[in-house]
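Trainee: sequence-free structure coming up:
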């Protein structure tokens, strides 16, 4: 079911852009060029694709949005999300869509402003890990130490997704990059 007014559709588009733009997993993928040369364009495309996904499908469930987001990250950014943030991002998108449909544009606009202020400084330090003497050079792999830093606000997506803890990325044997929450 489409949002009721052009204004609510525009606010929802801004909400999608704010949610995805403040998501540390996507920021890490974009900042570090996961998925190829045109990673910035892919991130902008993802905003439009998610926006259209909501408007062309009626009564989306959170798990459907999660599956779609994971599919986009897998296919376009060669990234798998394992930090627990995917359900929170999907829930927030579903909530914003519902609020826009019901004309609650004021609260969505307020949350967009909070999310826009909540951008992480994302960096990745790549280190080569030496394999044991008895392993071959093919078994050597890179380890990525990713850190996020920023001011925590009381938004469910960003504070719960990062939990104030840095995330770790590790490339898998099949070429996928897995983002894990770092243990203290």
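Mentor: Everything's here; your move. Predicted model, so just to flag it, every value in this text is computed and none were measured.
Trainee: where exactly do the helices run in this structure?
Mentor: For the chain, applying DSSP state H gives helices covering 6-21, 24-31, 39-56, 62-77, 85-101, 105-117, 156-162.
Trainee: can I get those in a markdown table with mean pLDDT, mean neighbour count and distance to residue 175?
Mentor: From N, CA and C alone the C-beta is placed, and that goes for glycine too. Output for those, formatted as a markdown table (pLDDT from 0 to 100; neighbours: other C-beta atoms under 10 Å; distance: least, C-beta to C-beta, whole Å):
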| stretch | mean pLDDT | mean neighbour count | distance to residue 175 |
| --- | --- | --- | --- |
| helix 6-21 | 94 | 20 | 23 |
| helix 24-31 | 92 | 23 | 14 |
| helix 39-56 | 95 | 16 | 16 |
| helix 62-77 | 96 | 17 | 11 |
| helix 85-101 | 95 | 21 | 20 |
| helix 105-117 | 89 | 16 | 31 |
| helix 156-162 | 35 | 21 | 25 |
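Trainee: nearest to residue 176, of the ones you listed?
Mentor: Taking C-beta to C-beta, helix 62-77 is the member of the helices of the chain nearest to residue 176, at 7.5 Å.
Trainee: on contacts alone, who are the packing partners of the closest one?
Mentor: helix 24-31, helix 39-56, strand 79-81, helix 85-101 (3 or more C-beta pairs under 8 Å, 6 or more residues apart in numbering; DSSP states H and E).
Trainee: what's next to the shortest one, contact-wise?
Mentor: Put plainly, it is strand 79-81. Under the contact criterion C-beta atoms under 8 Å, 6 or more residues apart in numbering, strand 79-81 has outside partners 25, 28-29, 34-35, 69-70, 73-74, 172, 176-179.
Trainee: how about residue 12: what's its closest non-neighbour residue?
Mentor: residue 100 (4.2 Å; C-beta to C-beta, 6 or more residues apart in numbering).
Trainee: pretty sure the one you found contacts residue 7?
Mentor: No - taking C-beta atoms under 8 Å as the definition, residue 100 is not a contact partner of residue 7, at 9.0 Å.
Trainee: compile the helices and strands packed on helix 62-77 into TSV and extend it with columns for distance to residue 16.
Mentor: What follows is these, written out as TSV (distance: least, C-beta to C-beta, whole Å):
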stretch	distance to residue 16
helix 24-31	12
helix 39-56	5
strand 79-81	17
helix 85-101	7
